[in-house]
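Q: Have a look; sequence and predicted model below, questions after that.
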There are 2 protein chains.
Amino acid sequence: MLTERQLEVILSVVHEFIESGAEVGSRTLSKRYLKGRSAATIRNEMADLEEMGYLTQPYTSAGRVPTTMAYRIFVDTMLQRLPHNERGRGWIKHIEAHRDGLRGALSKASEMLSRLSNYVGMAAVTQLERIRLRKIDFIRVDSAHFLLLVILEGGIVHHKMVTMPCDLSQDILEDLARKINALAGYEWNEVREMLGGYISGELGRYADSCVSALAELDAILAGERTTLYTGSMSNLFDVPDFQDIGKFRALFSILEQENELAKLLARYGMKDGIGVVIGEENAAPELRNCSVVLSGSGDGGTRAILGVIGPKRMNYERVVAVLDRVLRDMDGAEGDE
Amino acid sequence: MLTERQLEVILSVVHEFIESGAEVGSRTLSKRYLKGRSAATIRNEMADLEEMGYLTQPYTSAGRVPTTMAYRIFVDTMLQRLPHNERGRGWIKHIEAHRDGLRGALSKASEMLSRLSNYVGMAAVTQLERIRLRKIDFIRVDSAHFLLLVILEGGIVHHKMVTMPCDLSQDILEDLARKINALAGYEWNEVREMLGGYISGELGRYADSCVSALAELDAILAGERTTLYTGSMSNLFDVPDFQDIGKFRALFSILEQENELAKLLARYGMKDGIGVVIGEENAAPELRNCSVVLSGSGDGGTRAILGVIGPKRMNYERVVAVLDRVLRDMDGAEGDE
DNA sequence: GTTGGCACTCGTTGTTCGCGAGTGCTAATA
DNA sequence: TATTAGCACTCGCGAACAACGAGTGCCAAC
């Protein structure tokens, strides 16, 4: 167990290290944080904490650097002080109100996160296959193609050009659409299942066309499951931790692999509210030197995930505040500052 | 005017510099390129060429480095040797055939360019407002919204949710669409003008709604005028010229500013065939250390532009070959390797 | 016009050395 | 017993310096 003073030392080291970026010495701590105690006393504490795994020395007789364990304690105490809120629930309405739909809203959000935090912002939507269907439509383009159009909750629109196995008139297509539209209001998951039986049962000779259309639609939603936008990565140039080209590269390459990043978000964005993943806690080894601040929101189905990715020694307070701010914007009507 | 041998020296210096990245000395040249002549002779030539502006010395008594003028000569002689072809004309068909439409085709192309060249690939479409209209449709979603759907040549689809000033029934919307569809086959530019008179003349009380819809559509096409995809920038980490964080940063920041990049492409992509823009020839000062290999194709209207951006001392031969290869793929039926 | 020779230039690399921030340990102190 | 002052020791960092070598310009000879 940690004593009161040990905790204080840990928090001070993290705080100071985040500010200065340099190893923290006992003298600094004694002068700036634990004013009552002398440097020697603190040295003893630090030696103990090092043994316990909270601090490390980059080399013999240098100052101390916090480990991930220390960051963890720092972040947890910070998050505890925060009021537990449930922001972001209204994100679907926010998307509905946005001029440029899902893509627009997400890219706007990620940009805003980047700009306000000075790190890299991300915005994504997961489990889009659990979103409710609003309307479906088939639009005949020529004798060989029709456009499959899906309008989902939140005014999210997807479309796909489908090649017809045989020429279907616009009337037939409309009839088809009318039937499927009876399923509006169900989650896509359910719609798919219901359609499965429906197609082979009632549609008879158009079944082929519908099966392929269905498959296309599923593919769209699966692909879009991870719709992800990342904000201005050039912010990373100003982060002193990434001046080293090697570290920069590691981070950057994962930012370019949308899949990896999306997996990460999906994994940690399942629970509501704001969370932080620090350094080695990340599944991806490339993120060893980074922390990710995430917020997930949704009502169990489709979820919106916002995140900021930055160096381990980022300004967590500020980033959390930024995230909260953007979430508040989403809940508030318009969202366009 | 340049003598035969001066030309040879210039080409040799550029070639050697592209390969090694180090200043080129007279001895190297004498041993590897102009085998008949001694180092001293070449030194004299080089001194002359420096005075003429083709070569520079980074510091007194170092080897020579080619200037942009020298690169220009190098690239021009290379392009002259190339057969003048007209590849890429079929790009609209290529997009039509692509499973994921315009976005899919462009992002695929840029990825392919990046992967094959090991630099950064780009693919864009400009002057989309000159593309032909194929079909338009209005789909009523609820009492306050309809979805505006535009299908353009090449199966390019755009959509936009429009707020109605007053509730319009699906019938009225369909009637509207039918009338506008009479203009299918015209370039969007023309459609817009024709619609202008049409609306105020015939549509009477729906004019408001149509004007706003028209404006939205125009905005879509204008925004999409610069649809641009950039391939994996992490390739740049392996380019020795960009190991220096400063140069890397300059290039990177312009790659993130889509606008700037699009302007650049639009500017140089107007003429058909493959062209190269070297270093300071670029309008953007951030590209001082870079060269851009571009190809524009189209029949005067909407144009497809492919490009590769890399260091000034890139392997121009290879990049031009890669570009040609991708263009050939576009002309050939499927394009999905 | 071409070439070998030679003195000179200048960036690069490696070495040495002193500085200073910080530590661990010990002995004195409250 | 916990705390503190004192002291010797460690080690990264930056400056200063020297040796190296690739390359040049120039000149005299061919």
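A: Okay, I see it. Residues are numbered from 1 along each chain as shown, chains lettered A, B, ... in the order given.
Q: Now do the helices in chain A.
A: Counting by DSSP state H, one finds helices in chain A at the ranges A:4-20, A:26-32, A:39-52, A:68-81, A:91-97, A:101-117, A:170-181, A:188-198, A:207-224, A:245-256, A:258-268, A:316-331.
Q: Kindly state the pLDDT recorded for the residue of the stretch 151-300 of chain A found nearest DNA strand C?
A: Using Cβ to the nearest atom of the strand, the closest approach of the stretch 151-300 of chain A to DNA strand C is made by residue A:245 at 16.7 Å. The way it works is simple: take the backbone N, C-alpha and C, and place the C-beta from them, glycine included. Per-residue pLDDT puts residue A:245 at 81.
Q: I'd guessed it sits against residue B:245; true?
A: Yes - with contact defined as Cβ atoms under 8 Å, residue A:245 counts as touching residue B:245 (6.3 Å).
Q: which residues of the stretch 51-200 of chain A score low on pLDDT?
A: By pLDDT under 70, the low-scoring segments of the stretch 51-200 of chain A are A:198-200.
Q: measure residue A:88 to residue A:275 for me?
A: The gap separating residue A:88 from residue A:275 is 13 Å, by Cβ to Cβ, to the nearest Å.
Q: who touches both of the two?
A: Residues touching both residue A:88 and residue A:275 by Cβ atoms under 8 Å, 6 or more residues apart in numbering or on different chains: A:295-296.
Q: quick one: which of those two has more around it?
A: Set residue A:88 next to residue A:275 and count neighbours by other Cβ atoms under 10 Å in any protein chain shown: residue A:88 wins out with 26 against 17.
Q: Just confirm the more buried one contacts residue A:329, I think it does.
A: No - assessed by Cβ under 8 Å, residue A:88 is found out of contact with residue A:329, at 9.8 Å.
Q: So which residues on chain A come close to DNA strand C?
A: Counting by Cβ under 7 Å from any atom of the strand, chain A comes close to DNA strand C at A:22-28, A:39-40, A:43, A:46-47, A:50, A:57, A:61-64.
Q: Which positions in the stretch 1-150 of chain A make contact with chain B?
A: Proximity of the stretch 1-150 of chain A to chain B (Cβ under 8 Å from any Cβ of the partner chain) is limited to residues A:101, A:134-135, A:137, A:139, A:141, A:145, A:147, A:149.
Q: Select from the residues you listed every entry located in strands.
A: Using DSSP state E, A:134-135, A:137, A:139, A:141, A:145, A:147, A:149 are the members of these that sit in strands.
Q: how about those residues, which pair is most distant?
A: Greatest spatial distance in those: A:134 and A:145, 23.6 Å, computed using Cβ to Cβ.
Q: Can you list the buried residues in stretch A:165-177?
A: For stretch A:165-177, a neighbour-count test (16 or more other Cβ atoms under 10 Å in any protein chain shown) marks A:168, A:173, A:176-177 as buried.
Q: what about that stretch, near chain B?
A: No - judged by Cβ under 8 Å from any Cβ, stretch A:165-177 makes no contact with chain B; its nearest approach is 10.1 Å.
Q: same thing with stretch A:276-295?
A: No - Stretch A:276-295 does not reach chain B (Cβ under 8 Å from any Cβ); its nearest approach is 11.2 Å.
Q: Go through that stretch and flag the buried ones.
A: Residues of stretch A:276-295 classed as buried: A:276-279, A:282, A:284, A:286-287, A:289-295 (neighbour count, 16+ other Cβ under 10 Å).
Q: list the contacts for the residue of chain A at minimum distance from DNA strand C?
A: Of all residues in chain A, residue A:25 sits closest to DNA strand C, at 2.9 Å by Cβ to the nearest atom of the strand. Neighbour list for residue A:25: A:39, A:63-64 [criterion: Cβ under 8 Å, 6+ apart].
Q: and DNA strand D, which of these contact it?
A: residue A:39.
Q: So which of the contacts of residue A:25 wins on neighbours?
A: For the contacts of residue A:25, the largest number of neighbours (other Cβ under 10 Å) sits with residue A:64, at 26 neighbours.
Q: Look up how far residue A:244 lies from the closest residue to it other than its chain neighbours.
A: Excluding the flanking residues, the one nearest residue A:64 by Cβ to Cβ, 6 or more residues apart in numbering or on different chains is residue A:55, at 4.2 Å. Residue A:55 sits 22 Å away from residue A:244, going by Cβ to Cβ.
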